[in-house]
Structure formats: C-alpha cells, structure tokens
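Colleague: Model the structure of this input:
(2 chains)
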Number of protein chains: 2
Amino acid sequence: MSLLVVGSIAFDSIRTPYGEVVEILGGSATFFSITASWFTPVSVVAVVGEDFGDEHFRVFGERSIDTTGVERLPGRTFRWKGEYKGDMNQAFTLDTQLNVFENFVPKIPAAYLGTEFLFLGNIMPTLQLEVRRMFPNLRASALDTMNLWIKTMPEDLAKVLATVEILLVNENEARMLSGQNNLKKAAQFIQKAGPRVVVIKRGEHGATLFGPESIFTVPAFPLDSVYDPTGAGDTFAGGFMGHLARTGDLSDANLRRSAVYGSVMGSFAVEEFGVGRLMRLTPEEIESRFREIKNLTHFDA
Amino acid sequence: MSLLVVGSIAFDSIRTPYGEVVEILGGSATFFSITASWFTPVSVVAVVGEDFGDEHFRVFGERSIDTTGVERLPGRTFRWKGEYKGDMNQAFTLDTQLNVFENFVPKIPAAYLGTEFLFLGNIMPTLQLEVRRMFPNLRASALDTMNLWIKTMPEDLAKVLATVEILLVNENEARMLSGQNNLKKAAQFIQKAGPRVVVIKRGEHGATLFGPESIFTVPAFPLDSVYDPTGAGDTFAGGFMGHLARTGDLSDANLRRSAVYGSVMGSFAVEEFGVGRLMRLTPEEIESRFREIKNLTHFDA
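Modeller: Below you'll find the predicted structure:
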C-alpha cells in the first residue's frame, strides 16, 4: 500500500569522531522516504530551494520515490550543522538555517489523496494537523515531533496527537510530552491522548513499542562502528511505516515485526554519513539483518 | 550446584524520589546471595562489624544461605549513603564509611572449597585474585569490578581478569576497562583479556551478553515504578549465576536464559528499597516474569 511522508529536506553538515561532511543530502523526509522505498511505494511532500538541483532529485528518483509534492521555491534549502562527540548519543547543533523551510506550507498533490499510510515528520504541529485533516480515510497515520513543539505549542500538538494512530518519539520527548519520568507511564499517558501505538526510540538501546495489546522491545543491532547517527530516528520510522504499509497489517504480531524493521534500517543508517548506505542496500541485506536481530533476542523458555 | 560469593555486606542509607531509608541491609554479597538462593545453594564470604546482629544474620538464614564465611570483627559494618534523582539511572554517593570492610581479608571456610561456581563481587582486585587461586577446579568463576579499581589498580585487575570465565560490568566500566567507546569492540577487547563471556549491564535498558558463540540482548522488564535501583546490578549477577549454577550448563542457549533470569531478578530488586521484595518472592513469580520477558521480546521471523 502507498505511504506518504511530509517533512523536511535539508543539507546537513556533520562532524563526528570519524570525520566530517559538508552540505550532504539529509532531512527527515529524505531519510524516511529512501528507507521506506525498500518496502512500499512512497511519496514526499516537502520544500527545497533553488540550490536543490536535478542531481538531488535524482537520488529520490533512483528509489522510485514520487517527488511531485516536493515544492521548489526561490531561496536556499534548509541547512543544519551539527556535531557528535564521545559516545555519539547526542547531537550538538552548531547552526540551523531554516531558509525556505521557515515558511513551509505543505501542498498535497491531488494524486496523493488516495494514500493509505501517512507519516507526519517533525514539522510545526499546526501544519501536521492541516495535512492530517486532508486524509480522512487512512489505514493509519503516524507522527513525529520534537522538544521545541512540546514546549512552545503544546495545545496544537495535543490536537494533532488526538488524530493519529501511532506516535514515534525518543525517550526524552516521551518524558517531556507526558510529564512522566517512567517510560511505561509516559507511554500510557500518551496512549490516552490519542495514538494507540507509542514507539519510544532509544538510540543505541533500541526501541520499545507500547501497543494496545502488549509491550515489545527491540534492541539496536550491535555495530562495530557508528559513523553518524543523523537520521537514525527517521530511518527507524521509515522501516517501521514501510513494513506496515507493505503488509497493510496492523496486528500486534506485525507491529512487532515493523519495529524490528525499524531497528534493522536504523542500523544501516548509522554505518555511513548521510543516505549512502540506505541507497546501496539489497532486500537480502535487510532480511539478513532482520534474522540477526531474531538471533540476538531469541531464547528458549 | 553450589555457588559462593565473596563481596560486601553493608548498611545502606538511600534517598530516592519515592522516599528515604536509613541503614537497611545491603551490599553486593547480600543482594547477590539472596537472589541466587532462589536458584541454588549459596555460601557467602564477607565481613561485618559488631553492630551486625542476629536479626541481620537471620535474613540470610531465612533463605538457607550459608554464612559460615561471614566474619564478625570489632568495629562497625560498612556503611553507604546515596541518592537517586530524576531518571534514577545514577547514584550520587553522599557518604562512604568502609569501617571493618577497609581491611577485609576474605577467609574461605574449608567446607566451601568444593564449590563449583564462584562470584567475585566488587572488592579489591588483589583480594579477588587471592580468592580465585584457592579454587583451581571451578566449573566457572565470574567477576565484578568498578571504576575505582580500573583507574587505580589496572595491573592487578588484569591479572584476575585473566583467570575468570565471566565478567559482569556496566556500560561505563566496560568502556573504561577497554578504552573503547563502542560496546561491541569493548566486549571483544575484554574477551581477549580473559573472560570468554562478557555481560554488559545497561540498567533500565537491560543487558547485552557477549558470548563465545553469539551476542544476546535482554531488555529490562518495564515497570510502573522503580523505587530504588540500589543492588540491581548485584541482583542481576545473582540471577545470572544462580541459574548457571542450578543447571551447571554453560551452553550458549543456557547463558541466554541465565541473562534473562538476571533481568527478571533485577526487576524485582528495584520495586522496593533494600532486599524486601527479593525475600518475599515465589518461584512462580520468577517463572511468570521470565515468560513475560519472552513475550516482551518475541516476534515471528
């Protein structure tokens, strides 16, 4: 089934203990769509500037991603500059230039209106809500957000939260959103506010899925080297929603498998700077790592 | 099979967001032995002061723990005072009074020499090595240590590390001991230094077992409330070694089950201050939570 993402496309400049890159293709919609394209047809709604050229659109094209909804406006593309130190669990933002993203108004091409799965990437909650309302007949919608919106627009965020089936956030966001330190209580609080599925992403510790029927944990795949965590969360979401949309199956068992695919794809994302590794994947590599996570977690009861 | 622990017995004073307790029974050997007693016969080597009364010995007696090796010396018992804040992942030490523990020289009763499994709790590495050498014919020995010894006695620690089959440490200790930020590399580094099994405890994120054949992750059981993390690591070790000793089975499959029992027991430890919850357990509760962790991690591949 078809999957639509609304989010950001950016040029990222990143420094980690392993090296440095300048203005490479990034952004939540980029990581999400390239990842999900390994599972199901994907369309993107985002905005870029005049500096976003054919060579950049071609990256999406290579993965057959529909970019009809990517608007190209006068001005420069969103830029983010960040650094990771030591244990790589935290990004230090050095510079943010919103540029054309500052006044982003998502425009949905008519051809997208039949989409069955929707991912509302981390943009202003009022915009997320507008987009959400254009799709009354979805199979499922999922939301990402960030501390900025939790702090500055809690009421708007609450409105959009009430309309989605799935929330994907990291630990700190879950705590801040719920006012609960305990993650189980945080998830229960959020479930009462709307989404019946809450996925709490825990970086190198994996993720916990709080579903309507059960709780499920998936570890991060143990890697020899984590080169660049940028985009890992959006990549997790891309694998999670990609598998959900591919199967159209919202059962407890399949939500679990979706979380495992999220972890699988996140593990590829961090092996290189940018989306390079995600572009070069094969379905066999994805399935192989899925089985490795099975082996990593299996025990005989 | 029989299991011996050498470690500390202490009176802990603890403050958490949930309350405060003063001078309750604690220490690594206490948490470890009470936990392991649910699996297998346990003996303890430790030292206490004159303030350690019959009522304290009775706690061990209730669990049929052999305390012949607990020496009672003139002076006061080891005291630790600490506080947990916010997310409860870190203990802030407010006061440490080593008292009789300062000059602890482990003395092994002759009746203990036939023990098959040995846990060297977190004491000075030179003492750990002396004890280790008294048991040439063990089925398996395991070691705990801490940042203090990694910093101040690295050579002595290396000597004892070379003699054990299993190391149980937390993430930061693994990183410090190996000089590797990446946990997989840290574990591989440590495995080359001696122990073929490295268990990295990750608090609320569970644990990762690096064995000779495979890597295994077990989550922490999601609790509604964590009242007091004190002793959770020693309790994990008690469940892990307790199940290993009960079965005498060092296979990959059974090391995995042992890690699950470690997580199970750790989850009980943190539900109350001190050892109260661990004293009140039933085998049914333990098995029930073991199955719950199975359900928490299971997915169909």
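
Colleague: Would you map the strands across chain A?
Modeller: Using DSSP state E, the strands assigned to chain A run over residues A:3-6, A:10-16, A:19-26, A:42-48, A:66-72, A:78-84, A:91-97, A:117-120, A:140-143, A:166-170, A:197-201, A:207-210, A:215-218.

Colleague: Which one, of those strands, ends up nearest to residue B:111?
Modeller: With distances scored as Cβ to Cβ, the stretch of the strands of chain A nearest to residue B:111 is strand A:215-218 (43.0 Å). Bear in mind the C-beta positions are built from the backbone N, C-alpha and C, glycine included.

Colleague: do the closest one and chain B meet at all?
Modeller: Yes: using Cβ under 8 Å from any Cβ of the partner chain, strand A:215-218 reaches chain B at A:215-218.

Colleague: Mind putting those residues into JSON lines with neighbour count?
Modeller: Below are these laid out as JSON lines (neighbours: other Cβ atoms under 10 Å in any protein chain shown):
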{"residue": "A:215", "neighbour count": "18"}
{"residue": "A:216", "neighbour count": "25"}
{"residue": "A:217", "neighbour count": "26"}
{"residue": "A:218", "neighbour count": "30"}
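
Colleague: What is the nearest of the residues you listed to chain B?
Modeller: Ranked by distance to chain B (Cβ to the nearest Cβ), these are led by residue A:217 at 4.0 Å.

Colleague: so the closest one makes contact with residue B:295?
Modeller: No: at 10.5 Å, residue A:217 does not count as touching residue B:295 under the criterion of Cβ atoms under 8 Å.

Colleague: As JSON lines, the strands of chain A with mean pLDDT would be great.
Modeller: Listed next are the strands of chain A as JSON lines, based on pLDDT from 0 to 100:
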{"stretch": "strand A:3-6", "mean pLDDT": "98"}
{"stretch": "strand A:10-16", "mean pLDDT": "96"}
{"stretch": "strand A:19-26", "mean pLDDT": "96"}
{"stretch": "strand A:42-48", "mean pLDDT": "98"}
{"stretch": "strand A:66-72", "mean pLDDT": "98"}
{"stretch": "strand A:78-84", "mean pLDDT": "96"}
{"stretch": "strand A:91-97", "mean pLDDT": "93"}
{"stretch": "strand A:117-120", "mean pLDDT": "98"}
{"stretch": "strand A:140-143", "mean pLDDT": "98"}
{"stretch": "strand A:166-170", "mean pLDDT": "97"}
{"stretch": "strand A:197-201", "mean pLDDT": "98"}
{"stretch": "strand A:207-210", "mean pLDDT": "98"}
{"stretch": "strand A:215-218", "mean pLDDT": "98"}
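
Colleague: The closest residue to residue A:45 other than its chain neighbours: what's it in contact with?
Modeller: Spatial nearest neighbour of residue A:45, excluding adjacent residues (Cβ to Cβ, 6 or more residues apart in numbering or on different chains): residue A:69 at 3.8 Å. With contact taken as Cβ atoms under 8 Å, 6 or more residues apart in numbering or on different chains, residue A:69 is in contact with A:4, A:43-46, A:106-109, A:112.

Colleague: what do you get if the cut-off is 7 Å, keeping everything else the same?
Modeller: A:43-45, A:107-109, A:112 (Cβ atoms under 7 Å, 6 or more residues apart in numbering or on different chains).

Colleague: Restricted to buried residues, select the residues you listed in PyMOL.
Modeller: The PyMOL command for the buried members of these (criterion: 16 or more other Cβ atoms under 10 Å in any protein chain shown) is given here:
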select buried, chain A and resi 43+44+45+108+112
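
Colleague: Around chain B, pick out the residues from the stretch 201-301 of chain A.
Modeller: Residues of the stretch 201-301 of chain A found near chain B (Cβ under 7 Å from any Cβ of the partner chain) are A:202, A:205, A:208, A:214-217, A:219, A:222-226, A:253, A:256-257, A:260, A:290-291, A:294-297, A:299-301.

Colleague: CA-only coordinates of stretch A:98-118 in CSV, if you can.
Modeller: Output in CSV follows, covering the C-alpha atoms of stretch A:98-118 (Å, rounded to 0.1, in the frame of the first residue of the first chain):
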residue,chain,number,x,y,z
LEU,A,98,15.6,27.2,8.0
ASN,A,99,15.7,29.2,4.7
VAL,A,100,12.7,28.1,2.5
PHE,A,101,11.6,25.6,5.3
GLU,A,102,10.8,28.6,7.6
ASN,A,103,7.5,29.3,5.8
PHE,A,104,6.8,25.8,4.6
VAL,A,105,3.2,25.2,3.8
PRO,A,106,2.7,21.6,2.8
LYS,A,107,0.8,21.3,-0.5
ILE,A,108,-0.7,17.9,-1.3
PRO,A,109,-0.9,16.9,-5.0
ALA,A,110,-4.4,15.5,-5.8
ALA,A,111,-2.8,12.2,-6.9
TYR,A,112,-1.6,11.7,-3.3
LEU,A,113,-5.0,11.9,-1.7
GLY,A,114,-5.7,8.2,-2.0
THR,A,115,-2.6,7.3,0.1
GLU,A,116,-3.3,4.7,2.8
PHE,A,117,-0.4,5.4,5.2
LEU,A,118,0.8,8.8,6.3
